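In: sequence first, then the predicted structure:
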Amino acid sequence: MSASATATASTATRSTDQSAAIPAFCEGVLHFGPLKEAFAALSEPAVGEGETAISQVDEAAVFQTRLIADALRYSMLQLCASKESGHPGGFASAAEAIAALIMLGHKNIVTEVGHHAPGFYSSMFLDGSLEAMGIRTMTQMQERFRERDGLLGHLSGAIPGLLAPAGPLGQGQHFAMAGAYLNRDKLFPCTIGDGGLGEPYILSAMKHFHTSYPEVTNFLPVLIWNGYSQEHHSMVSLMDNAQMTAYWQTHGFERVILVDAKAYDDADQPEAYVDSTLFGESARAAFTRAVLDGMREAADSALSGTLTAVIIKQLKGAGVHARGAKSHNLYPGDKPEKPSIAEALERGALAPEAWALVRTLMARAGGGPAGRVAVTESERPLPEVGELPMQAFAVGEKAVPSTAMAQMVATLGERDPLFVVTNADGNEASAMKVINERLKIRHPTVDALYNQAPTGQVYEPLSEDACAGLAAGIALFGGRSLWLSYESFAINGWPIVQTVAQAMAELRRRTPAVVSMFTAGALEQGRNGWTHQRPEIENYLGGQMRNGNSYLLYPADANMMQAAFAWATSQFNKCISIVASKSALPVYTTPEQAARAIDEGAVALYESPAGGGALVVFAVTGDMVLLPVFEAKDALEAAGHRVRIVAVANPRRLYRAGDVAWEHSAEADGRFMEDLAFADLFDGEALVAVSGGGTVALEPVLLRSRARARDLFGWQRGETTASPAEIMAFNGITGEALAARAAGLIGT
């Protein structure tokens, strides 16, 4: 039976005329319910034509907020059942909260919970946002749900009206804070599940942000406290209301508004967490009014300078096919015809007239569909910063790469007042003190000795997750940012950058690249030992290069470091990481050669004079590791061989076009080094690829090399040593070892 036939069959008590009045977007809706008795008196849209929100919380506003919540639940459950997969339970307990925010005109909503995706898709469908994707009916939404080029299982950057991705727990608050930071006149609610709240960094991240930016309070965490996580009770399920309120207050929230469905229960539900959809009419109205009143109070408070949180306490799975953790996920066999699902759909079904009213309300609220009015649906204007100053270091002198870049960072911050540098372990420790001196560490305690000021642009929580999260969020929302970290600790924050990188590849607008720079590589951390020697993350970063919009840059010297940062700050919709040293190292390139290396992918730093023996090519990622490579060069030339040393500066450019999914990326970059240019750099009798860290970035060189013999040197493991030379020797990277292996490859 077709969807339309099923809909007609399920409304047998309705007249033919009434069935014909079914809104076009409802094509595919399986069940329609009777028109509620109160509808006739309360059906005048509470959000009037030309208005953006309700003007008062009256009986009509409460009734219509309930209709939106019911429509969200119904759409979400039928959507999930259509594919026998997806996650309806968590969002079901959030439906009144989302409905209230919409009725109050707030469309810039993010979430920490990727499992709420079907509910957010339903919201975008009901307000018309998904029409930009060609999704105009329930049937079309079902066809595109959890399918390629459609509505993927968790939120991404591709869906109109949805501001940010949501997959791993604990990320959404960063997007809300970034949005609030860049848009001080708008509210950024962020729904948070109590399953994720068991991880304390959600609240600690907001605590540090509020300490740093006390004037930015226009983000509104909305805790959906439903007692359950994905497969069990949540870790905070035994807290009582006073304890939960105190938990938020101790993290700096001055106003905590808690609405507990239990207080309105007239269905004698014995548990602490209850389902409001089982209430009688008056109790449901009272609960909905409390949510609407509480959300309005919270929004006004947050927009008026008070750090505010909302807690909605309602049983997971409210109004859908199951309750508690059992409502979390649908599995094969969970079809719309399954009794438990069919009963839930029939129980929550709306009349056609109610669907039409919901569409009107949701399309008007906030000034239009979220896909048109959300802040991320348009390109954010950026201040002009011009060309950043660069120092031309002479070939042969020594210079500190990180310090050279720091001067440019400071200038960028001075020209763009919303530019933020995030760092957990200290810029001074990375030879980038000038950033702190010129931009100041943002801190409530003014102290010139430590370069602290309440208006500083350097954000320093002792959490790489918080550093990476704010920097990535600002970039995604259209601002400029930079995450600086020790390479050894970057893994603690990298997952959110990876999430944002994928989202940027899907965006329909330009946004500045998310840029990170990792200093104090393993070779510089001998005395600290293996706790500070974790260059394996380079393999993680390098593995993302095949995605199409991710770049791992290895500047070989201070000139190339500056070229790398200049290039990164001019890019859009990309994820760019720079790995370099904080030690004084030789300069091998002119500024012109450095810029060409970053733009084209590689540059020859040295080549023996013509003539002589076999040619050995060293392909190198990194800067300090070039020291033993040049030692090997001397030994090989003394033995009568020729040597070419090539700095692999931007390895993404060295892949073949078919190796990388570049054509699927926004701001698609299909530039790859031509075969002739590659051969000019890397062809020889033997190729020795060398890295002081992870070796994945050398993959494109090894894939394309036509050398008769090849080998690879890279990081093995950490150890406590007195010098970089000793740690390199521990890992087998010495001039002697490199020369010996090269000689072996060419048969001498």
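Out: Great, that's in hand. Numbers count the residues shown, from 1 in each chain.
In: contacts, neighbours, all on C-alpha from now
Out: Fine.
In: out of the helices and strands in this structure, which is least certain?
Out: For the chain, the helix or strand with the lowest mean confidence is helix 3-9, at a mean of 39 (criterion: mean pLDDT, DSSP states H and E).
In: tell me which helix or strand the residue nearest the centre of the chain sits in.
Out: The centroid of the chain falls nearest to Val500 when counting by CA atoms, centre = their mean (3.1 Å). Here Val500 sits within helix 494-506, counting by DSSP states H and E.
In: helices or strands next to that helix in the packing?
Out: Here helix 494-506 touches helix 464-476, going by 3 or more CA pairs under 8 Å, 6 or more residues apart in numbering; DSSP states H and E.
In: so how far is the helix it packs on from its chain's centroid?
Out: Counting by CA atoms, centre = their mean, to the nearest Å, helix 464-476 is centred 8 Å from the centre of its parent chain.
In: tell me the first helix or strand C-terminal of it.
Out: Per DSSP H and E, the first helix or strand lying C-terminal to helix 464-476 is strand 481-486.
In: sheet partners, orientation included, of that following strand?
Out: Here strand 481-486 is paired, per DSSP bridges, with strand 420-423 (parallel), strand 514-519 (parallel).
In: got the contact list for that strand?
Out: 419-425, 427, 430, 464, 467-468, 471-472, 474-475, 514-521 (CA atoms under 8 Å, 6 or more residues apart in numbering).
In: and for stretch 442-461?
Out: Stretch 442-461 is contacted by residues 205, 208, 211-212, 413, 417-426, 435-437, 439-441, 467 when judged by CA under 8 Å, 6+ apart.
In: and it, how far from the chain's centre?
Out: How far stretch 442-461 lies from its chain's middle: 26 Å, per CA atoms, centre = their mean.
In: how long is it end to end?
Out: End-to-end span of stretch 442-461 (CA to CA, to the nearest Å): 10 Å.
In: buried stuff in that stretch?
Out: Judged by neighbour count using 16 or more other CA atoms under 10 Å, the buried positions of stretch 442-461 are 442-443, 451-461.
In: just checking, Leu738 touches Val629?
Out: Yes. Leu738 sits in contact with Val629 when judged by CA atoms under 8 Å, with a separation of 7.0 Å.
In: tell me which of those two has more neighbours.
Out: More crowded of Leu738 and Val629, by other CA atoms under 10 Å: Leu738, with 27 against 24.
In: OK, contacts around that one?
Out: With CA under 8 Å, 6+ apart, Leu738 has these contacts: 628-629, 632, 688.
In: quick one: which of the residues you listed is nearest Arg656?
Out: Val688 (20.0 Å; CA to CA).
In: what residues does the strand or helix carrying that closest one touch?
Out: Per DSSP H and E, Val688 falls inside strand 686-691. Strand 686-691 is contacted from outside by 615-622, 625, 698, 702, 705, 707-715, 738, 742, 745-746, using CA under 8 Å, 6+ apart.
In: just the buried ones from those residues?
Out: Applying 16+ other CA under 10 Å to the contacts of strand 686-691 flags 615-622, 625, 698, 702, 705, 707, 709-710, 712-715, 738, 742, 745-746 as buried.
In: among these, which ones are in helices?
Out: 702, 738, 742, 745 (DSSP state H).
In: look up how far Trp715 lies from the second one.
Out: Going back to what we said before, that points to Leu738. From Leu738 to Trp715 the distance is 14 Å (CA to CA).
In: Phe91 too?
Out: Taking CA to CA as the measure, Phe91 and Trp715 are separated by 46 Å.
In: how about His208?
Out: His208 sits 36 Å away from Trp715, going by CA to CA.
In: please apply the same query to Gly105.
Out: For Gly105 relative to Trp715 (CA to CA), the value is 54 Å.
In: also Ala740?
Out: Note on Ala740: its distance to Trp715, by CA to CA, is 18 Å.
In: so what's the residue nearest to Leu541 when sequence neighbours are not counted bridging to?
Out: Nearest residue to Leu541, sequence neighbours excluded (CA to CA, 6 or more residues apart in numbering): Leu552, at 6.6 Å. Beta-bridge pairing of Leu552 under DSSP bridges involves Ser577.
In: residues touching Leu552, list them.
Out: 541-542, 545, 576-579, 650-652, 697.
In: mind putting those into JSON lines with distance to Met504, pLDDT and neighbour count?
Out: Formatted as JSON lines, the contacts of Leu552 follow (distance: CA to CA, whole Å; pLDDT from 0 to 100; neighbours: other CA atoms under 10 Å):
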{"residue": "Leu541", "distance to Met504": "16", "pLDDT": "96", "neighbour count": "21"}
{"residue": "Gly542", "distance to Met504": "18", "pLDDT": "96", "neighbour count": "23"}
{"residue": "Met545", "distance to Met504": "14", "pLDDT": "97", "neighbour count": "24"}
{"residue": "Ile576", "distance to Met504": "12", "pLDDT": "98", "neighbour count": "26"}
{"residue": "Ser577", "distance to Met504": "15", "pLDDT": "98", "neighbour count": "25"}
{"residue": "Ile578", "distance to Met504": "18", "pLDDT": "97", "neighbour count": "22"}
{"residue": "Val579", "distance to Met504": "22", "pLDDT": "96", "neighbour count": "29"}
{"residue": "Asn650", "distance to Met504": "20", "pLDDT": "98", "neighbour count": "23"}
{"residue": "Pro651", "distance to Met504": "20", "pLDDT": "98", "neighbour count": "27"}
{"residue": "Arg652", "distance to Met504": "17", "pLDDT": "98", "neighbour count": "30"}
{"residue": "Ala697", "distance to Met504": "22", "pLDDT": "97", "neighbour count": "31"}
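In: ok, those vs Val385, which is closest?
Out: Looking at the contacts of Leu552 and their distance to Val385, the nearest is Ile576, at 19.3 Å (CA to CA).
In: you'd agree the closest one is up against Tyr551?
Out: Yes. Using CA under 8 Å, Ile576 is in contact with Tyr551, at 4.7 Å.
In: got the CA coordinates for stretch 170-181 in CSV?
Out: Taking Å, rounded to 0.1, in the frame of the first residue of the first chain, the C-alpha atoms of stretch 170-181 are listed here in CSV:
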residue,chain,number,x,y,z
GLY,A,170,31.1,16.6,24.4
GLN,A,171,31.6,18.9,21.4
GLY,A,172,28.4,20.9,21.0
GLN,A,173,29.1,23.4,23.8
HIS,A,174,32.2,24.6,21.8
PHE,A,175,30.0,25.5,18.8
ALA,A,176,27.5,27.3,21.0
MET,A,177,30.3,29.4,22.7
ALA,A,178,31.9,30.1,19.3
GLY,A,179,28.6,31.2,17.8
ALA,A,180,27.9,33.4,20.9
TYR,A,181,31.4,34.9,20.7
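In: what is the mean pLDDT for that stretch?
Out: Mean pLDDT, stretch 170-181: 95.
In: please apply the same query to stretch 284-301.
Out: Mean predicted confidence for stretch 284-301 is 98.
In: what sits up against that stretch?
Out: By CA under 8 Å, 6+ apart, stretch 284-301 touches 57, 62-63, 65-66, 96-97, 100-101, 104, 187, 220, 255, 257-259, 261, 264, 276-277, 307-310, 312.
In: next step: the residues you listed restricted to strands.
Out: 220, 255, 257-259, 308-310, 312 (DSSP state E).
In: nearest to Thr191 among those?
Out: Nearest to Thr191 among the ones in strands among the contacts of stretch 284-301: Leu220, at 8.4 Å, using CA to CA.
In: what count of nearby residues applies to the closest residue to that closest one other than its chain neighbours?
Out: Once flanking residues are discounted, Leu220 sits nearest to Pro189: 4.3 Å by CA to CA, 6+ apart. Pro189 has 30 neighbours, counted by other CA under 10 Å.
In: pLDDT score for Pro189?
Out: pLDDT, read off for Pro189, is 98.
In: now it: phi and psi?
Out: When quoted as degrees, to the nearest 10, the phi and psi of Pro189 stand at phi -70, psi 150.
In: cool, thanks, signing off.
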